[in-house]
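J.: Give me a model of this one.
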Amino acid sequence: MSQQPCVSVERGAEGGTRMCAVVTVTVAPGGGAGDDAAAKAAAPVPSPAGAEVLLLDCSASMGYPREKLWAAQDAAAEAVRALPDGTYFAIVAGRHTAEPVYPTRTGASPGLVRADATTREEAQEAVGRLAPSGGTAIGSWLALARELFAQLPGSAVRHALLLSDGRNEHEQHDALAAELTVCSPVFTCDALGIGEDWDPDELQLIAGSLNGRADAVRDLDALPGELRALAAESAARRVTGLRLRLTHRPGSAPLTVQQVHPTRRDLLPDRVTAGDRCLEFPLPPWGEETREYLVCVAASRTPQEPVDRELWLADLKVVRDPRAEGPPPQLPPARPLLVRWTHHRDLYSRYDPKVAHYAHHDALVRGLEEGRAAQRAGDAARARAAWGEAVRRAHAMGNEPMLQRLGDVVRIIDAAAGEVEIRPDIRPLDINSAMVLRSHSTMLPPRQKPRGTSPDTPRDPA
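T.: As a prediction, the model looks like this:
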């Protein structure tokens, strides 16, 4: 866990402050979970069943140009080939309604099949017969996925892959939002935008609500490989039932609990009370991967508390939901969140590198959004300044994927200074592909402070 516990005595007495820390959790080979450490060997954990539903946009716009649908068909076939034997799966065609493509509806409800050589071949043939028509109503696509997943046992890991080229124009926004709320506890979903006309805000809403990632298809030829990788990554997530537990001292309370890597997501709305001053935050299924969480807890000083001594503020611990099936994985011990009141400015003015790193990300997102708004308003000078700030922050974080996307929007003259020029030939895809990466983040490289960290970096990014 990474934090800077020192806070000014005066700040602590004048209404208090918030103490922030970043906790790193790694699931190691075999299913063990470690904290702030490299992956360790752990006893194997039996894998629950996995299920994958492919939600393919087959609206009329997928036929203009036709290459979009051809790429989607090839990509769906690749994703099916990546599914391990025994995985439950289905393919859905999304238009203004959702239609089962494979397996076809045989009764009152559509079904799922197990992946094997025969079902994979049948699914690929069914996908090859798809034709574009109709509109776009993504909420209905998600509803059908939820209906399909409901047929599985409780331990099954459920994941959907959504590919769309358009905006959700054939249903009300409230209908989509309501469906996302119902789907959230049932399955996770990664979403990809293809073509020029999709909405990055909408795609990010879907992926963020369903514990997934949103991204842009920038090269149709690369799409089959991308979908195959996403399906394989999902199939590898078999560690379930983990929770982040926060226990805090009296008079304090959590102000921020966020996943900050690999994507940003607010966990507070999903909190579960687990006891007196104890909250738990359910986490989606894991593969062999590392995630980071930003936790900020209110801290105020009473006159009786000592100065220049570390005091306990909260505990952070990874636990397992007692209802989860199978033997428990190896879990790390609790880590304390501390506070130290001090008069020494050289102590309380320091910045924790990881907390500052994610503060850069928040400023990067603001620059992206301000640049897009200014570009739409025809204010080129303000757009250039905002996108320049986004470039500066991305450079400070070492966020190379974002720098590459921004490089299609602006010509980067001096990344460290944020000096840029707007490109005259910007496509909608260029802006969309940068915007959809807003929730993606990079980790702070080991033993390195963020480049460009300065005294104006916020102490608390929450």
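J.: pLDDT weak spots in the stretch 251-400 of the chain?
T.: For the stretch 251-400 of the chain, applying pLDDT under 70 flags the ranges 326-327.
J.: got the CA positions of stretch 277-294 in PDB?
T.: Output in PDB follows, covering the C-alpha atoms of stretch 277-294 (Å, rounded to 0.1, in the frame of the first residue of the first chain):
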ATOM      1  CA  ARG A 277     -17.600   0.800  10.900                       C
ATOM      2  CA  CYS A 278     -16.900  -1.900   8.400                       C
ATOM      3  CA  LEU A 279     -17.800  -1.800   4.700                       C
ATOM      4  CA  GLU A 280     -17.100  -4.300   1.900                       C
ATOM      5  CA  PHE A 281     -16.900  -3.600  -1.800                       C
ATOM      6  CA  PRO A 282     -17.600  -6.500  -4.200                       C
ATOM      7  CA  LEU A 283     -14.900  -7.000  -6.900                       C
ATOM      8  CA  PRO A 284     -15.600  -8.600 -10.300                       C
ATOM      9  CA  PRO A 285     -13.900 -11.900 -11.300                       C
ATOM     10  CA  TRP A 286     -10.100 -11.900 -11.600                       C
ATOM     11  CA  GLY A 287      -7.500 -13.600 -13.800                       C
ATOM     12  CA  GLU A 288      -3.800 -13.400 -13.200                       C
ATOM     13  CA  GLU A 289      -3.700  -9.600 -13.000                       C
ATOM     14  CA  THR A 290      -3.000  -6.500 -10.900                       C
ATOM     15  CA  ARG A 291      -5.500  -3.900  -9.900                       C
ATOM     16  CA  GLU A 292      -5.100  -0.700  -7.900                       C
ATOM     17  CA  TYR A 293      -7.600   1.100  -5.700                       C
ATOM     18  CA  LEU A 294      -7.600   4.600  -4.300                       C
END
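J.: Going along the chain, name the helices of the protein.
T.: 9-13, 67-82, 117-128, 138-149, 173-183, 200-209, 223-235, 345-348, 353-376, 380-397, 400-406, 428-435 (DSSP state H).
J.: List every C-alpha atom in the second one, with coordinates, as PDB.
T.: Presented in PDB, the C-alpha positions along helix 67-82 are these (Å, rounded to 0.1, in the frame of the first residue of the first chain):
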ATOM      1  CA  GLU A  67     -16.300  -3.900 -44.600                       C
ATOM      2  CA  LYS A  68     -17.500  -3.200 -41.000                       C
ATOM      3  CA  LEU A  69     -19.800  -6.200 -40.900                       C
ATOM      4  CA  TRP A  70     -17.300  -8.400 -42.600                       C
ATOM      5  CA  ALA A  71     -14.700  -7.500 -39.900                       C
ATOM      6  CA  ALA A  72     -17.300  -8.100 -37.200                       C
ATOM      7  CA  GLN A  73     -18.100 -11.500 -38.600                       C
ATOM      8  CA  ASP A  74     -14.400 -12.500 -38.800                       C
ATOM      9  CA  ALA A  75     -13.900 -11.200 -35.300                       C
ATOM     10  CA  ALA A  76     -16.800 -13.100 -33.800                       C
ATOM     11  CA  ALA A  77     -15.500 -16.300 -35.400                       C
ATOM     12  CA  GLU A  78     -12.100 -15.600 -33.800                       C
ATOM     13  CA  ALA A  79     -13.600 -15.000 -30.400                       C
ATOM     14  CA  VAL A  80     -15.500 -18.300 -30.600                       C
ATOM     15  CA  ARG A  81     -12.300 -20.100 -31.500                       C
ATOM     16  CA  ALA A  82     -10.700 -18.600 -28.400                       C
END
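J.: Give me the buried positions along that helix.
T.: By 16 or more other Cβ atoms under 10 Å, the buried positions in helix 67-82 come out as 68-82. C-beta here means a position set from N, CA and C on the backbone, and glycine is covered the same way.
J.: Report the contact partners of Pro282.
T.: For Pro282, the contact set (Cβ atoms under 8 Å, 6 or more residues apart in numbering) comprises 243, 270, 272, 321.
J.: Contacts only, for the closest residue to the first one other than its chain neighbours.
T.: By that I understand Arg243. With sequence-adjacent residues excluded and distances taken as Cβ to Cβ, 6 or more residues apart in numbering, Arg243 is closest to Glu280, at 4.4 Å. Taking Cβ under 8 Å, 6+ apart as the criterion, Glu280 is in contact with 243-246, 271-274, 319.
J.: Drop anything exposed from those.
T.: 243-246, 319.
J.: ok, so of those, who is nearest Pro332?
T.: Val319 (10.4 Å; Cβ to Cβ).
J.: and that closest one, what are its bridge partners?
T.: In this entry, Val319 is beta-bridged to Arg243, by DSSP bridges.
J.: Surely it touches Thr247?
T.: No - applying Cβ atoms under 8 Å as the test, Val319 and Thr247 come out as separate, 10.6 Å apart.
J.: returning to that earlier point: for the helices of the chain, give me JSON lines that also has distance to Arg105.
T.: Putting these into JSON lines (distance: least, Cβ to Cβ, whole Å) gives the following:
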{"stretch": "helix 9-13", "distance to Arg105": "63"}
{"stretch": "helix 67-82", "distance to Arg105": "18"}
{"stretch": "helix 117-128", "distance to Arg105": "12"}
{"stretch": "helix 138-149", "distance to Arg105": "10"}
{"stretch": "helix 173-183", "distance to Arg105": "20"}
{"stretch": "helix 200-209", "distance to Arg105": "25"}
{"stretch": "helix 223-235", "distance to Arg105": "23"}
{"stretch": "helix 345-348", "distance to Arg105": "64"}
{"stretch": "helix 353-376", "distance to Arg105": "42"}
{"stretch": "helix 380-397", "distance to Arg105": "47"}
{"stretch": "helix 400-406", "distance to Arg105": "40"}
{"stretch": "helix 428-435", "distance to Arg105": "34"}
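J.: Tell me how many other residues crowd the residue nearest to Leu364 when sequence neighbours are not counted.
T.: The shortest distance from Leu364 to any non-neighbouring residue, by Cβ to Cβ, 6+ apart, is to Arg393 (3.8 Å). Using other Cβ atoms under 10 Å, the number of residues around Arg393 comes to 25.
J.: can you check Gln172 too?
T.: Other residues within reach of Gln172, judged by other Cβ under 10 Å, total 11.
J.: Check Leu55 too.
T.: Applying other Cβ under 10 Å, we find 24 residues neighbouring Leu55.
J.: For beta bridges, what are the partners of it?
T.: Taking DSSP bridges as the rule, Leu55 bridges to Val92, Leu162.
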